[in-house]
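**Q** What shape does this take:
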Amino acid sequence: MKKQNWVWMPHPGHFVASRDCRFHLNTYVGGYVVSTVGEYEPCMASREISAKSKGIQLEGIGDARRDDAFKKLGWEQIGFARTYETMVFKAKKSLDKCCPFEVASLQSSDYRPYTNSEDATAGHMELCKKWADRN
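**A** This is a model prediction of the structure:
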């Protein structure tokens with residue numbers, strides 16, 4: 001499948017807490033959805049628990065407290081030793097005009113973990129090329 005025929009979709013394609021991820025790439029290629037998510041920043045209640053479990057004292061209120069939590073905790077991991085991940089899933093047509101394809105099954109066909117956005121972007125592109133060439 002030629003790159004100009006890839007379908008770039010603006011919403012995350014996987015991860016139960018993707019609504020709290022600031023980074024997402026979601027691409028349809030040759031019958032597959034390649035989904036990359038990362039930069040997970042859960043709700044403040046979860047951040048409070050995480051900070052407490054690590055012995056970190058958060059300061060401020062409102063946005064200042066949220067900023068302090070980010071400064072001290074960074075992005076939360078979305079799995080063991082990773083803050084970004086790419087998964088590949090078999091695709092099916094969607095009724096959504098914005099994202100005309102969606103994940104058909106949550107059983108992934110491929111996977112890559114990352115710890116930074118540069119590697120996540122490069123890995124997403126690598127898997128798009130790999131799976132686009134399958135058909």
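**Q** so what pLDDT did the most centrally placed residue in the chain get?
**A** Closest to where the C-alpha atoms of the chain average out (C-alpha atoms, centre = their mean) is Val37, at 0.7 Å. We have a pLDDT of 98 for Val37.
**Q** Give me the distance between it and Asp20.
**A** 10 Å (C-beta to C-beta, to the nearest Å). (Each C-beta comes from the backbone N, C-alpha and C, glycine too.)
**Q** Check which residues of whichever helix in the chain runs longest are buried.
**A** Scanning the chain for the longest helix, with DSSP state H as the assignment, gives helix 117-132. The neighbour-count check on helix 117-132 (16 or more other C-beta atoms under 10 Å) flags 117, 119-121, 123-125, 127-128, 131-132 as buried.
**Q** Likewise for stretch 82-100?
**A** 83-89, 91, 94, 99.
**Q** The nearest residue to Pro12 once chain neighbours are set aside: what's it in contact with?
**A** Residue nearest to Pro12 in three dimensions, not counting chain neighbours: Ser18, with 3.6 Å by C-beta to C-beta, 6 or more residues apart in numbering. Listed by C-beta atoms under 8 Å, 6 or more residues apart in numbering, the contact partners of Ser18 are 12, 24, 37.
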